[in-house]
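**Q** the following block contains a protein sequence and its predicted model.
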Amino acid sequence: HFSDYPTVIRLLQKAIKLPAGQKHLQAHFLLGEALLFREKRDEAREIFQKIIDEIDANHTATLLHLAKLSLKYEEESVKQAEALYE
């Protein structure tokens, strides 16, 4: 909802490095979405993967983002995308 994505990204990156932010689902998710808006797909994918690996393996919105990224940008990863959708 902000148009100043570079500032938002910078602040969220700082927030998730704090002890209280390292497992904060919403901060990570918003950072991933902000990175997507800035066309930084690889960085966004890393954040979304961290959510699945370390915070919440069943976070639906994150799984959907990972699946879409896999389908759109890695054609050979269709099987991985289908597994994420399931």
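**A** Looks like it arrived, so ask away. Numbers count the residues shown, from 1 in each chain.

**Q** which residues in this structure form helices?
**A** Using DSSP state H, the helices of the chain run over 5-17, 25-37, 41-50, 60-73, 78-85.

**Q** so which of the ones you listed is the most surrounded?
**A** Ranked by mean neighbour count, those are led by helix 25-37 with a mean of 20 (mean count of other Cβ atoms under 10 Å). For glycine as for every other residue, the C-beta is placed from the backbone atoms N, C-alpha and C.

**Q** could I get the helices of the chain as JSON lines with mean pLDDT?
**A** As requested, the helices of the chain are exported to JSON lines (pLDDT from 0 to 100):
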{"stretch": "helix 5-17", "mean pLDDT": "94"}
{"stretch": "helix 25-37", "mean pLDDT": "96"}
{"stretch": "helix 41-50", "mean pLDDT": "95"}
{"stretch": "helix 60-73", "mean pLDDT": "85"}
{"stretch": "helix 78-85", "mean pLDDT": "72"}
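
**Q** how many neighbours does residue 4 have?
**A** 10 (other Cβ atoms under 10 Å).

**Q** check what pLDDT it gets.
**A** The per-residue pLDDT reported for residue 4 equals 85.

**Q** give me phi/psi at it?
**A** Backbone torsions for residue 4, taken as degrees, to the nearest 10, come to phi -90, psi 70.

**Q** what distance do you get for it to residue 50?
**A** 24 Å (Cβ to Cβ, to the nearest Å).

**Q** now do residue 26
**A** 14 Å.

**Q** which residues touch the residue nearest the centre of the chain?
**A** Centroid check for the chain by Cα atoms, centre = their mean gives residue 48 as the closest residue, at 2.9 Å. Taking Cβ atoms under 8 Å, 6 or more residues apart in numbering as the criterion, residue 48 is in contact with 29, 32, 62, 65-66, 69.

**Q** closest one of those to residue 84?
**A** Proximity of these to residue 84 (Cβ to Cβ) peaks at residue 66, which lies at 5.2 Å.

**Q** would you agree that closest one is in contact with residue 45?
**A** Yes. With contact defined as Cβ atoms under 8 Å, residue 66 counts as touching residue 45 (6.9 Å).

**Q** can you give me the distance of residue 56 to residue 22?
**A** 13 Å.
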